[in-house]
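Q: pasting the sequence and the predicted coordinates here, then a few questions.
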Amino acid sequence: MTVGETGRGLLELTRPVNVIAASVLTFIGSFVAGGVSEEPMAVVTAVAATGLAVGAGNAINDYFDREIDRINQPDRAIPRGAVSPRGALAFSVALFAGAIVLALTLPRLAIGIATVNLLALVAYTEFFKGLPGLGNALVAYLVGSTFLFGAAAIDGGEVGPAIVLFVLAAIATLTREIIKDVEDIEGDREEGLHTLPIAIGERRALATAAVLLVAAVVASPIPYLRAEFGVAYLLVVAPADAIMLVAAYESFENPTAGQSHLKYGMFLAALAFIVGRVALELSFSI
């Protein structure tokens, strides 16, 4: 195995697309807290810490899943021999160490969030994956917390909108995770996993997901009602809500399409917070 192949294998372990996506979410959290112009170095540090932590979490998950992956995902880095199990573990530890060093330079709230998240990333595969609802809830928390971490990294930043974004993103992600489990129910049964649709049935799981999403949609105007954002926020979040509600309804007949369209609604909802912050900044400058 050449150095280049090993390097590609290590990069693959991190899931670069996931790393970039999580880093962007952290940036959005900092942005809505008003920290991009006020504390740019804190924003860079939070984004980098998020990227390292997500990469580390993905790498250690592949380490724990290596035996299952030899059957289900033989082309992944460890099963195909690009990276040894010991090498993957050491790489993950190094990334975690980098994330910890960066996080320790941030305010206390950010350090607290980082501590919880790092422990959750390590524990997910071994203790939570496949447990009915709990694994989904942990993934939902981790996705939503990237916004909160970005906001908490700004000392004295406006954390309120990021808290709402955290809650909405977590609920929407939980909904999508449940729908994905319905989509993957046959494979999960064969692997002996006990996901929510397996535990309570597909229709009940989808109904649970729909109720959660309706709750998130009902809560979405909170930043406007609290006068944290103006009408510009509502103009973008309203179609995002509509897309997500349609996606939840669609999932009862086509879970694959439903969870895919739900993702688009989630991205648009995140954009609503960016638009709301930009509009607020412009109103202050006039």
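A: Great, that's in hand. Numbering: from 1, shown residues only.

Q: distance from the longest helix along the chain to the middle of the chain?
A: When the chain is scanned for its longest helix (criterion: DSSP state H), the result is helix 255-285. Centre-to-centre, helix 255-285 and its host chain are 15 Å apart (CA atoms, centre = their mean, to the nearest Å).

Q: ok, residue 217 touching residue 246?
A: No - counting by CB atoms under 8 Å, residue 217 stays clear of residue 246, with 11.1 Å between them. The C-beta positions use only the backbone N, C-alpha and C, and glycine is treated the same way.

Q: more crowded one of the two?
A: For residue 217 versus residue 246, neighbours defined as other CB atoms under 10 Å are more numerous around residue 217 (22 against 14).

Q: mind pulling up the pLDDT for the more buried one?
A: Looking at residue 217, its pLDDT reads 92.

Q: what about the nearest residue to it once chain neighbours are set aside, how many residues nearby?
A: Spatially, and ignoring its direct neighbours in sequence, residue 217 is nearest to residue 241 (4.4 Å; CB to CB, 6 or more residues apart in numbering). When neighbours are defined as other CB under 10 Å, residue 241 has 22 of them.

Q: host element of residue 241?
A: Element membership for residue 241 (DSSP states H and E) is helix 231-250.

Q: where does the stretch 101-250 of the chain have low pLDDT?
A: 125-126, 129-130, 191 (pLDDT under 70).

Q: OK, contacts around residue 242?
A: residue 265 (CB atoms under 8 Å, 6 or more residues apart in numbering).

Q: surely the residue nearest to residue 217 meets residue 221?
A: No - using CB under 8 Å, residue 241 is not in contact with residue 221; the gap is 9.0 Å.

Q: and the helices in the chain?
A: Going by DSSP H, the chain shows helices at 3-14, 16-32, 40-64, 66-72, 85-103, 108-123, 134-152, 160-183, 185-190, 196-200, 202-219, 222-225, 231-250, 255-285.

Q: so can I have a markdown table of the ones you listed showing distance to residue 79?
A: Converted to a markdown table, those look like this (distance: least, CB to CB, whole Å):
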| stretch | distance to residue 79 |
| --- | --- |
| helix 3-14 | 11 |
| helix 16-32 | 19 |
| helix 40-64 | 9 |
| helix 66-72 | 5 |
| helix 85-103 | 10 |
| helix 108-123 | 21 |
| helix 134-152 | 22 |
| helix 160-183 | 23 |
| helix 185-190 | 17 |
| helix 196-200 | 26 |
| helix 202-219 | 30 |
| helix 222-225 | 45 |
| helix 231-250 | 34 |
| helix 255-285 | 26 |
